[in-house]
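1. model the structure of this input:
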Amino acid sequence: MDTLNTKAIARAVAECAKPYPVREAYLFGSRARGDNDEASDIDLCIECNRGFTLFSLDSFARKLEAMLGRPVDIVCGEDSFYPRARERYLKDRLMVYTQS
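-> Numbering: from 1, shown residues only. Okay, the predicted model is just below:
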């Protein structure tokens, strides 16, 4: 059984997002639907302010992976999804972070 829950993911995202211009982060995929297993990665979609670069994305993802001990796939912005995938994303997503 996988012990990494949504609250733990949300805490890690909040901690890692502090130095970056991340406005919101949404969990999606198997972990958002609750049909994940121990091998499941973590799928996030983040909404960012200007200044979030590819270097920022790589650094953010590596920090999350180190904290969570799982591979993390990050999509930048819901507009990055193909229409059909976007529909599924919007249906399944769970907000795990909002900038305060």
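
2. make it CA atoms for all contacts and neighbour counts henceforth
-> Will do.

3. so how far is residue 58 from residue 94?
-> 22 Å (Cα to Cα, to the nearest Å).

4. hey, where'd the helices end up in this protein?
-> Using DSSP state H, the helices of the chain run over 6-17, 30-33, 54-68, 83-92.

5. look at residue 94 and residue 58 and report which has more neighbours.
-> Between residue 94 and residue 58, counted using other Cα atoms under 10 Å, the more crowded position is residue 94 (20 against 12).

6. what sits against the more buried one?
-> Shown in contact with residue 94 (Cα atoms under 8 Å, 6 or more residues apart in numbering): 26-28, 32.

7. give me that answer again for 6 Å
-> Residue 94 is in contact with 26-27, counting by Cα atoms under 6 Å, 6 or more residues apart in numbering.

8. and if you look at residue 70?
-> Neighbours of residue 70 in contact, by Cα under 6 Å, 6+ apart: residue 41.

9. hey, what's residue 97 bridged with?
-> For residue 97, the beta-bridge partners are residue 25 (DSSP bridges).

10. next one, pLDDT for it please.
-> pLDDT for residue 97: 98.

11. adjust the sequence numbering to begin at 341 for everything that follows.
-> Got it, the first residue is 341 from now on, which makes the last one we talked about residue 437.
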